[in-house]
Each structure stands twice: as structure tokens, then as C-alpha cells.
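*Asks:* Pasting the sequence and the predicted model now:
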Amino acid sequence: MLEKRQFERKPFTETFYCAVSVLDIISTKVLNLVARGVDISEGGIGIKTDYKLEPGHVLRLQNNFLPKQVGVVSWSRNNGIPGIYRVGVKFV
């Protein structure tokens, strides 16, 4: 199988908060979410969260151990566990 990733992934199991702005019918809301790390590289981080993030959502990552504090959701999917989403975030 051809590897498409530019950077090597390493395990990352920290739990941390992240904030995302979402559009509501009337206004924009800022949600503070709990994220659980899965893996990390120089270019991004894989997380699990209970909120369905969408590609393009901008996250403010609140963890001093992360190399960057802002990321953009590249992909998001539910792997069959109700209410848990696996998300790929690219650091910006």
C-alpha cells in the first residue's frame, strides 16, 4: 500500500480542550470541546471527539504540548461507535 502521509505519525494519547466556531441560524457560537489524541505528526493530529466536526472547521487547540495551537479539520468520520468521531486535523 502506498503511504500518502508526508510526516510520520506517532502515538499521542493526551486529552485536551479545543474551541471551534460554528454557525447557528441566528449567530456564531463558540463550542469548547474535549478532544482525545490518537496520533500526531509535524503536520497534524488525529483526535476523537463527541461532536461531529466538518472539513474546514478551524480549531483552537488548548494544549501546551502541541507544536501548533491552530488546526483545520481535513476529514471527519464516525467509525461505527455512536457519538464518537475520528477527526484528522492539519496544523496551520
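*Replies:* Nice, thanks for sending it over. Residues are numbered from 1 along each chain as shown.
*Asks:* Need phi/psi at residue 50.
*Replies:* Note on residue 50: its backbone torsions stand at phi -100, psi 10 [degrees, to the nearest 10].
*Asks:* do the one 3 residues further on as well
*Replies:* The phi and psi torsions at residue 53 (degrees, to the nearest 10) take the values phi -80, psi 150.
*Asks:* which strand in this structure runs the most residues?
*Replies:* strand 28-40 (DSSP state E).
*Asks:* which residue packs closest to residue 83, ignoring adjacent ones?
*Replies:* residue 50 (5.2 Å; Cβ to Cβ, 6 or more residues apart in numbering). Glycine gets a C-beta too; all of them are placed from N, C-alpha and C.
*Asks:* My read is that that neighbour contacts residue 84, right?
*Replies:* Yes: counting by Cβ atoms under 8 Å, residue 84 is a contact partner of residue 50 at 6.1 Å.
*Asks:* one step back: buried sites along the longest strand of the chain?
*Replies:* 33, 35, 37-38, 40 (16 or more other Cβ atoms under 10 Å).
*Asks:* Also stretch 16-25?
*Replies:* Quick answer for stretch 16-25 (16+ other Cβ under 10 Å): 16, 18, 20.
*Asks:* Just say helix, strand or coil for residue 46.
*Replies:* Under the three-state scheme (DSSP: H, G, I helix; E, B strand; the rest coil), residue 46 adopts strand.
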